[in-house]
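*Asks:* what's the 3D shape of this:
(one chain, ligands or ions: 2)
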Amino acid sequence: MTDFAARDPHPFIAGLPKAELHVHHVGSASPRIVSELAARHPDSKVPTDPEALADYFTFTDFAHFIEVYLSVVDLIRTPEDVRLLTYEVARDLARQQVRYAELTITPYSSTRRGIDERAFMDAIEDARKAAEAEFGTVLRWCFDIPGEAGLTAAEETARLATDDRIRPEGLVSFGLGGPEIGVPRPQFKPYFDRAVAAGLRSVPHAGETTGPETVWDALNDLRAERIGHGTSSAQDPKLLAHLAEHRIPLEVCPTSNIATRAVRTLEEHPIREFVGAGVVVTINSDDPPMFGTDLNNEYAVAARLLDLDERGLADLAKNAVGASFLDAAGKARITAEIDAYTAQWLAP
Ligand SMILES: O=C(O)c1cccc(C(=O)CC[C@H]2O[C@@H](n3cnc4c(=O)[nH]cnc43)[C@H](O)[C@@H]2O)c1
Ligand SMILES: [Zn+2]
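*Replies:* Ligands and ions are numbered 1, 2, ... in the order given. Predicted coordinates for the structure are as follows:
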């Protein structure tokens with residue numbers, strides 16, 4: 001282990017400028033926001049006491065996680081709830097020196113629950129602009145299909161993402177989330193084709209709770225440019241070689257994989273295999289308060305598992321910037337900031 005890894009990496013990580021590429025909108029609601037929303041809507045079964053939330057956010061498996069996740073989705077009932085959540089998520093990201101984030105939003109879950117689609121888009125856009133002006137954090141959206149909700153959800157998500165009269169300015173990508181077991185990826189091909197034709201980038205979850213064949217499906221049928229999780233890719237050396245050769249980044253979320261019991265322990269997490277195979281790895285937080293983590297903590301986990309020093313952590317942060325859908329000037333600006341911060345930290 002390096003000297004650095006044996007010391008506490010948190011102070012360096014806390015100030016490191018970062019990009020977050022895999023973080024869910026509702027899954028980012030802090031205990032304070034969840035309790036505020038639960039108090040606004042007292043008929044919900046979600047606890048209002050932030051301390052009781054820690055128990056509520058302990059999951060027996062992935063299906064249980066989705067059940068709890070949807071109970072929090074049920075708390076978001078008005079455009080003002082949507083705006084508050086989005087703005088507060090941006091504040092939490094800014095506190096961690098996140099300069100740029102692609103936030104995964106599931107508009108179907110909100111429109112299906114009766115929120116007007118235009119009011120929904122206005123709420124997220126209003127929060128995005130306020131967050132950029134007030135915190136300096138640039139937000140972009142990934143609209144994802146909740147796969148288990150089927151082709152009705154896929155059609156609605158594709159419509160909201162591709163109709164020029166509705167799609168929000170901040171939208172950059174199209175995703176697919178929820179459970180993978182019993183939800184074959186190829187059925188979503190027409191919706192991803194439409195999204196890609198409309199200029200969106202393809203970023204489905206794959207290989208989080210199923211095997212490497214799901215990642216192949218995401219690459220071949222859904223034209224994935226990055227893979228959400230991709231954990232089971234480690235079981236298939238040809239897939240690892242393909243990801244490395246084609247520079248298809250994995251959005252790795254270590255603590256999430258433990259919390260949903262997709263991986264047994266952090267020690268068994270395949271992140272080392274990914275790096276060893278030359279795959280581009282980015283570090284992300286997924287649903288941070290629900291998993292008792294944040295992006296800074298995920299970088300500390302990566303530092304430990306990969307035995308990284310400051311330069312290694314800066315390289316991980318630059319991987320995320322490089323794998324993002326920012327324009328070249330935006331990438332260059334944050335990369336230069338990471339280099340300047342690291343050089344100053346290491347200066348004698
Ligand atoms: O909203 C509905 O009505 C609905 C009906 C049936 C199924 C669903 C879902 O499956 C929603 C899943 C929801 O989970 C989000 N999410 C958050 N973290 C993860 C993750 O690590 N892996 C997969 N999905 C995740 C996802 O974005 C969906 O919004 C909804
Ligand atoms: Zn996710």
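
*Asks:* May I have the phi/psi pair for the residue most central in space within the chain?
*Replies:* Closest residue to the average C-alpha location of the chain: residue 22 at 1.7 Å, with Cα atoms, centre = their mean. Phi and psi for residue 22, reported as degrees, to the nearest 10, are phi -140, psi 90.

*Asks:* now do residue 18
*Replies:* phi -140, psi 160.

*Asks:* all helices of the stretch 151-300 of the chain, in order?
*Replies:* For the stretch 151-300 of the chain, the helices defined by DSSP state H, counting those that start in this stretch cover 189-197, 212-220, 237-245, 254-259, 271-276, 295-306.

*Asks:* Out of those helices, which is closest to ligand 1?
*Replies:* Ligand 1 sits nearest to helix 254-259 of all these, at 5.5 Å, using Cβ to the nearest ligand atom. Placement of C-beta: from N, CA and C, glycine included.

*Asks:* tell me what that closest one is packed against?
*Replies:* Judged by 3 or more Cβ pairs under 8 Å, 6 or more residues apart in numbering; DSSP states H and E, the packing partners of helix 254-259 are helix 295-306.

*Asks:* try 10 Å this time
*Replies:* The contact analysis (3 or more Cβ pairs under 10 Å, 6 or more residues apart in numbering; DSSP states H and E) places helix 254-259 against helix 62-73, helix 295-306.

*Asks:* quick one: is stretch 187-201 near ligand 1?
*Replies:* No. Applying Cβ under 6 Å from any ligand atom, one finds stretch 187-201 out of contact with ligand 1, separated by at least 13.3 Å.

*Asks:* What residues sit buried inside that stretch?
*Replies:* 188, 191, 192, 194, 195, 196, 200, 201 (16 or more other Cβ atoms under 10 Å).

*Asks:* isn't the fourth one right next to residue 160, touching?
*Replies:* Going back to what we said before, that points to residue 194. No. Residue 194 is beyond contact range of residue 160, at 11.6 Å (criterion: Cβ atoms under 10 Å).

*Asks:* returning to that earlier point: hey, which of the helices and strands packed on helix 254-259 is tucked in deepest?
*Replies:* helix 295-306 (a mean of 22; mean count of other Cβ atoms under 10 Å).

*Asks:* Check whether that helix comes near ligand 1.
*Replies:* No. Counting by Cβ under 6 Å from any ligand atom, ligand 1 is not contacted by helix 295-306; separation bottoms out at 13.1 Å.

*Asks:* what separates that helix from the chain centre, distance-wise?
*Replies:* Helix 295-306 has its C-alpha centroid displaced from the chain centroid by 16 Å (Cα atoms, centre = their mean, to the nearest Å).
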